[in-house]
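Student: The sequence isn't on hand, but the structure is:
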């Protein structure tokens with residue numbers, strides 16, 4: 001029997017943890033679907049409340065505004081990717097193999113399926129690709145950073161940077177490389193779908209083997225090993 005995974009997130013992001021109630025889980029489930037369908041700009045709590053058959057006031061009991069909801073969703077994704085990496089690299093000693101698994105986790109987290117029925121990983125991945133940077137590229141980023149809202153992302157990048165240094169202890173930019181690998185995995189999927197002249201990647205359904213190949217190529221060249 002599968003065990004439901006509960007992701008731990010910064011309590012300051014939400015007013016009431018949506019994972020703990022049926023209504024909260026519906027807010028998360030349909031929030032993902034509506035943002036993916038409408039885009040973040042057109043999305044609002046009035047539309048979400050109508051979708052779940054509730055009231056705006058009930059949604060506001062969980063999140064102060066839609067920006068907080070987006071931070072929650074993106075943070076959930078960051079933490080999910082970290083979980084996948086930890087599980088898939090458990091008892092693995094070779095750092096090159098670890099990095100390969102990390103890169104695979106970056107591009108394939110959307111098709112993994114935890115026993116969390118209210119999260120559609122594929123739709124959430126689409127939201128992260130299209131809207132994810134809007135969670136922290138805001139005027140309020142410094143204040144929100146001070147409150148620890150982006151701790152999940154920092155922990156993910158720190159974990160990847162540590163593996164990079166295992167491969168090449170003298171590499172000077174491990175955190176920059178780690179964040180670039182993650183952002184590239186999303187950017188080039190987005191470019192291939194919407195701005196194809198910005199990338200050389202060709203997509204295949206909902207799998208991204210060429211993105212993974214590209215990231216492994218860059219990693220091996222920068223760190224000086226054969227992919």
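Tutor: On my side now, so go ahead. All of these numbers come straight from a predicted model, not from anything done at the bench.

Student: Please identify the buried residues of the helix or strand where residue 99 lies?
Tutor: For residue 99, the host element (DSSP states H and E) is helix 95-108. For helix 95-108, the buried set under the neighbour-count rule, 16 or more other Cβ atoms under 10 Å, comprises 95-96, 98-108. C-beta coordinates here come from the backbone N, C-alpha and C atoms, glycine included.

Student: try stretch 10-21
Tutor: Buried, per 16+ other Cβ under 10 Å, within stretch 10-21: 10, 13, 14, 18, 19.

Student: Show me the contact partners of the helix holding residue 99.
Tutor: 81, 84-85, 88-89, 92, 160, 163-164, 166-167, 181-182, 185, 189, 207-208, 211-212, 215-216, 219, 225 (Cβ atoms under 8 Å, 6 or more residues apart in numbering).

Student: Okay, residue 158 and residue 223: tell me how far apart.
Tutor: According to Cβ to Cβ, to the nearest Å, residue 158 and residue 223 sit 17 Å apart.

Student: Mind checking which of these two has more residues around it?
Tutor: Set residue 158 next to residue 223 and count neighbours by other Cβ atoms under 10 Å: residue 223 wins out with 18 against 13.

Student: Please list all residues in contact with the more buried one.
Tutor: 164, 167, 168, 171.

Student: switch to 10 Å and redo it
Tutor: 95, 96, 99, 164, 165, 167, 168, 171, 174, 177 (Cβ atoms under 10 Å, 6 or more residues apart in numbering).

Student: Would you reformat the residues you listed as a markdown table and include distance to residue 55 and pLDDT?
Tutor: Shown next, in a markdown table, are the contacts of residue 223 (distance: Cβ to Cβ, whole Å; pLDDT from 0 to 100):
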| residue | distance to residue 55 | pLDDT |
| --- | --- | --- |
| 95 | 51 | 97 |
| 96 | 53 | 97 |
| 99 | 48 | 98 |
| 164 | 48 | 98 |
| 165 | 51 | 98 |
| 167 | 53 | 97 |
| 168 | 55 | 97 |
| 171 | 53 | 97 |
| 174 | 48 | 98 |
| 177 | 46 | 98 |
